[in-house]
Structure formats: structure tokens, C-alpha cells
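**Q** Here is the input, now give the coordinates:
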Amino acid sequence: MKKLLVVQVAALGYELVKNFGGERGKKYQAARSIFPAVTCPVQATFRTASLPSEHGMISNGVYMAPLKKVLFWEQASSLVDGDRIWNLFRRDGGKIGMYFWQQSLGENVDSLLSPAPIHKHGGGMIQACFSEPRDLYARIRTKVGRDFNLMHYWGPLASYRSSDWIVASLEVLLKELDVPDLIFAYLPHLDYGLQKYGPEDARSLPETTKTLDYLDRLERAAYKEGFDICFYGDYAIEAVTGGAIFPNQALARAGLFRTRTIKGMLYPDLFTSKAFAMVDHQIAHVYAEKAETIRQAKQILSELDGVESMMGVEEQEQRGIAHSNSGQLVLEAKPGRWFAYPWFSDRSDAPDFATHVDIHNKPGFDPCELFFGWPPLSVSLNTNKVKGTHGRNAKGMEIAWKSSLTFDEPAEDLVGIARGVRGWLNRKS
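**A** Down below sits the predicted model:
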């Protein structure tokens with residue numbers, strides 16, 4: 001049976017590897033990512049070899065219209081439509097493992113490991129990982145010698161220690177007798193430093209070096225156990241040069257985005273709002289049910305400084321993002337700009353979750369969660385601290401990748417790499 005280790009590396013851009021990777025950087029090739037170049041759509045694209053217009057992961061979040069609710073970082077595999085690239089391989093007896101991938105819970109795989117904390121009703125959380133078989137996490141934790149710490153995976157304390165644990169766990173897994181034949185894994189930490197400091201900052205050099213060190217470790221461990229490899233980045237980070245864009249503030253000023261005042265704090269009211277923006281790095285999905293509201297929103301948002309393009313259905317089809325999950329309008333930021341979720345401009349109006357690591361209640365990705373704020377133990381509201389962003393998938397923002405596989409056709413983009421892996425898996429010889 002063929003054996004393959006696939007590792008997706010957050011923020012492994014080709015220019016970054018070429019500039020900071022030294023001789024090791026020359027072993028990587030450049031490829032185009034997808035639009036939007038953010039984590040969940042990229043992972044969904046790789047597992048289905050299709051675009052967001054087909055698999056439905058149009059951002060790291062999904063607006064559930066029947067519930068009038070935005071859900072970010074939900075883990076159900078059923079959110080991803082389409083055939084998996086491993087289906088035929090699995091039917092032929094191949095075993096599949098998926099570790100630290102998004103939307104992996106309930107996936108048709110044989111082995112699974114994913115952070116799955118329990119959020120306590122009185123505040124705080126119980127750290128935990130979901131695993132299948134059920135004892136998998138306990139076995140790995142024992143052999144690695146420590147628990148996986150979710151604080152290192154996201155938030156102000158996020159660091160290389162998250163990737164370090166994942167690499168150590170993979171080294172353990174590769175040696176196990178019941179190791180899957182096809183393994184999907186994810187290394188997150190490079191993204192943190194690049195968002196904090198920017199891709200051209202000197203502090204990004206050690207982050208890149210450490211990432212390549214981890215990949216070297218995994219390559220050696222894979223080859224030792226008879227595995228081929230395919231390592232690839234999901235997106236490239238670009239420097240923030242012009243700051244954040246606040247579409248919900250503009251919609252609120254026009255009366256289209258509505259809020260509820262609870263104890264002096266402004267909470268979103270999506271039940272009566274006529275339009276709102278679900279933001280994710282350099283893209284924003286704008287939802288508005290009525291044609292007249294769409295026209296109003298388009299006029300309002302077109303006047304925002306920092307918006308590069310505004311896509312209706314036809315333009316979304318051209319970019320491979322037209323789907324029932326997509327907004328009636330999709331905004332793309334200019335180079336060096338990004339979209340922030342706040343509808344409030346005064347700190348005193350901020351809802352309680354604004355100053356916490358709360359990836360589920362905010363209707364958009366919040367990179368400010370990487371920074372401590374005031375009072376102590378809160379997260380920052382200062383969008384000017386963010387120095388790196390991604391999502392546009394523009395020229396010059398190619399991802400880095402390398403593989404020991406031989407593909408039937410050249411792989412020039414992410415879909416091509418996924419199709420190449422699928423072809424290799426299905427090849428009889």
C-alpha cells in the first residue's frame with residue numbers, strides 16, 4: 001500500500017521561503033493558492049480538488065441564514081461538499097488519518113485528532129482533544145510527554161510550541177503499527193509571527209527557519225517509515241501598510257446594520273439588520289436579502305477607503321467563489337489592507353466578547369486576539385497592531401510547496417497539486 005504524508009503549513013509563502021530559507025528554500029516550488037487564500041477554503045479545496053464555488057467553504061466562517069447567525073471555525077466535516085480525493089484509495093483498503101485540520105469531525109477517515117475544548121457555562125474552558133480511535137490522544141500524549149496546550153494554538157500566547165507538539169506527535173504516529181497510509185497534518189505557528197510582525201520584519205526569520213526545521217524533521221521521519229511527502233503552504237502573508245477597513249461601521253451609520261444595547265454594550269442584531277459584513281482577513285461577505293438593500297450597501301461600501309473590488313454573482317463566478325453560502329456582495333481589500341469586524345468605534349460600546357479570545361461569537365476573524373490588551377488578560381482592540389494579512393491571492397503571493405511524488409501533469413496551483421495527489425493515489429502501479 002502506498003504511504004503519503006501531506007502537511008499544510010500556515011503562511012508558507014514562496015517569497016518568504018526564497019528570501020529566508022537559504023539553500024533549503026531552493027527545494028520549494030511556487031504555486032498559486034485559491035481565492036480566498038484563507039485556511040478553511042484551502043483545506044476544503046485540497047481534500048476535494050475543487051474551488052469554493054463547489055465545496056462551499058467560502059471563508060473560515062459560514063453565515064447560517066435560517067439561524068441568522070455567523071459561525072466561525074465550526075468543525076463539522078459536513079460543511080465541506082464534494083468527493084474526497086482519497087475516496088477510491090480508501091475503498092481499495094487505504095487507511096486515512098487527519099490531524100489538526102479544520103472541518104475534520106465526522107470526516108470519512110480512520111484516524112483523527114483535533115482540538116475540541118469544552119467551553120464552560122461560567123466562563124473559561126476545559127482543554128481537550130477529540131480523537132478517533134478514542135484512546136489515540138491519550139497514547140500520543142503519553143509518548144510525547146505533555147498535553148497539547150490550546151493557548152499555544154491561538155491567542156496572545158500562540159507560538160511555535162503548537163507546531164512543536166504536532167511535529168512530535170506525528171513522529172510518534174509514523175512509528176505506530178496502525179499508522180494510516182495517507183496522513184493529513186497541519187502546522188500553524190508561522191502564521192502568528194507573520195501577522196504580528198509582517199513578512200519583512202527581522203523577527204520573521206527565526207519563525208521561518210523553525211518552520212523549515214520542523215519540515216526537515218517530518219521529511220526524515222516520513223522517509224524512514226517508507227512514506228512519500230507533500231508539503232505546501234495555504235497562503236502567503238503580505239505586509240499591512242494601510243490599516244483596517246470597517247464595513248460594519250459604515251453599514252451601521254447608514255442604518256442597515258442594527259444592534260441591541262445591553263448594559264451599555266452594542267450587540268449585533270442580525271434579525272433586523274438589513275445588511276452586514278462577515279469579514280475574514282482581506283475578504284468580506286456582505287449579506288443583504290433585498291435588491292434595494294444590496295444597491296444601498298454597494299453604494300455605501302464603494303466609498304470606503306481600502307476596498308479594491310466589489311463582486312456580485314457574475315464576478316464571484318469568475319473568481320470561483322459563487323456559492324449559496326457566499327454574500328450577495330464579496331469585497332476584496334486593496335494590497336496592504338484588511339477587513340475588521342467591529343460595528344462599534346467607541347471602546348465603551350464594545351460587547352464583552354470583543355476583549356476576549358472568542359472565535360465563535362465574533363462575526364469575523366479577529367487578528368487582534370494575538371495581542372494582549374488592557375485590562376490584564378484581555379485581548380487588544382487596537383487594529384493598528386496587526387502587521388500581516390492575507391486572502392487576496394494576488395500575483396506575487398504564491399505559496400511554496402514540494403513533494404517526492406511524480407504527478408501526471410504539472411501542478412501550477414493548489415487545485416493542480418490536489419489533483420496530482422489524487423492521481424498518484426489512484427494510480428495502480
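**Q** Straight-line length of stretch 289-309, end to end?
**A** Stretch 289-309 has an end-to-end distance of 20 Å (criterion: CA to CA, to the nearest Å).
**Q** pLDDT wise, what is the nearest residue to Gly264 once chain neighbours are set aside at?
**A** Nearest residue to Gly264 in three dimensions, chain neighbours excluded: Ser348, at 6.9 Å (CB to CB, 6 or more residues apart in numbering). From N, CA and C alone the C-beta is placed, and that goes for glycine too. pLDDT, Ser348: 94.
**Q** for Ser348, helix, strand, or coil?
**A** Taking DSSP: H, G, I helix; E, B strand; the rest coil as the rule, one finds Ser348 in the helix state.
**Q** From Asn361, how far off is it?
**A** 19 Å (CB to CB, to the nearest Å).
**Q** Between the two, which has more neighbouring residues?
**A** With neighbours defined as other CB atoms under 10 Å, Ser348 and Asn361 compare such that Asn361 has more, 15 against 8.
**Q** Which pLDDT value goes with Arg203?
**A** 89.
**Q** Quick check, it in contact with Gln195.
**A** No - here Arg203 does not reach Gln195: they are 11.8 Å apart, not a contact under CB atoms under 8 Å.
**Q** Between the two, point out the one with more neighbours.
**A** Remark: of Arg203 and Gln195, Gln195 carries more neighbours, 25 against 12, as counted by other CB under 10 Å.
**Q** From Pro363, how far off is the residue nearest to Gly264?
**A** For Ser348, the distance to Pro363 - CB to CB - is 20 Å.
**Q** same check, this time on Asn325
**A** Distance from Asn325 to Pro363, by CB to CB: 14 Å.
**Q** Does anything pack onto the lengthiest helix in the chain? Which helices or strands?
**A** Counting residues, the longest helix found in the chain (DSSP state H) is helix 204-224. Contact analysis of helix 204-224 by 3 or more CB pairs under 8 Å, 6 or more residues apart in numbering; DSSP states H and E lists strand 4-9, helix 14-20, helix 22-25, helix 160-175, strand 182-187, helix 190-197, strand 228-233 as its packing neighbours.
**Q** Show me which positions of that helix end up buried.
**A** Ser204, Glu207, Thr208, Lys210, Thr211, Leu212, Tyr214, Leu215, Leu218, Glu219, Ala221, Ala222 (16 or more other CB atoms under 10 Å).
**Q** List just the nearest of these to Gly97.
**A** Closest approach between those and Gly97, by CB to CB: Ala222, at 12.8 Å.
**Q** Let me know the pLDDT of the closest one.
**A** Reading off the confidence values, Ala222 has pLDDT 98.
**Q** Hmm, it is touching Leu174, no?
**A** Yes - using CB under 8 Å, Ala222 is in contact with Leu174, at 6.4 Å.
**Q** So which residues of the stretch 51-200 of the chain form helices?
**A** 52-55, 87-91, 136-144, 160-175, 190-197 (DSSP state H, counting those that start in this stretch).
**Q** any chance of those in TSV, plus distance to Pro375?
**A** Formatted as TSV, the helices of the stretch 51-200 of the chain follow (distance: least, CB to CB, whole Å):
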stretch	distance to Pro375
helix 52-55	39
helix 87-91	51
helix 136-144	34
helix 160-175	26
helix 190-197	21
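**Q** Select, out of the ones you listed, the one closest to Trp374.
**A** Short answer: helix 190-197, nearest of the helices of the stretch 51-200 of the chain by CB to CB, at 17.8 Å.
**Q** Hey, what's the angle from the closest one to helix 160-175? Just curious.
**A** In terms of direction (axes from the mean of the first three to the mean of the last three CA atoms, to 10 degrees), helix 190-197 departs from helix 160-175 by 170 degrees.
**Q** and the angle for helix 190-197 with helix 204-224?
**A** In terms of direction (the same axes, to 10 degrees), helix 190-197 departs from helix 204-224 by 180 degrees.
**Q** Which other helices and strands does helix 190-197 contact?
**A** Here helix 190-197 touches helix 204-224, strand 388-389, going by 3+ CB pairs under 8 Å, 6+ apart.
**Q** let's see it at 7 Å
**A** helix 204-224 (3 or more CB pairs under 7 Å, 6 or more residues apart in numbering; DSSP states H and E).
**Q** Could you pull up phi and psi at the spatially closest residue to Asp201 that is not a sequence neighbour?
**A** Excluding its sequence neighbours, the residue lying closest to Asp201 (CB to CB, 6+ apart) is Lys387, at 7.0 Å. Dihedral pair for Lys387: phi -110, psi -10, per degrees, to the nearest 10.
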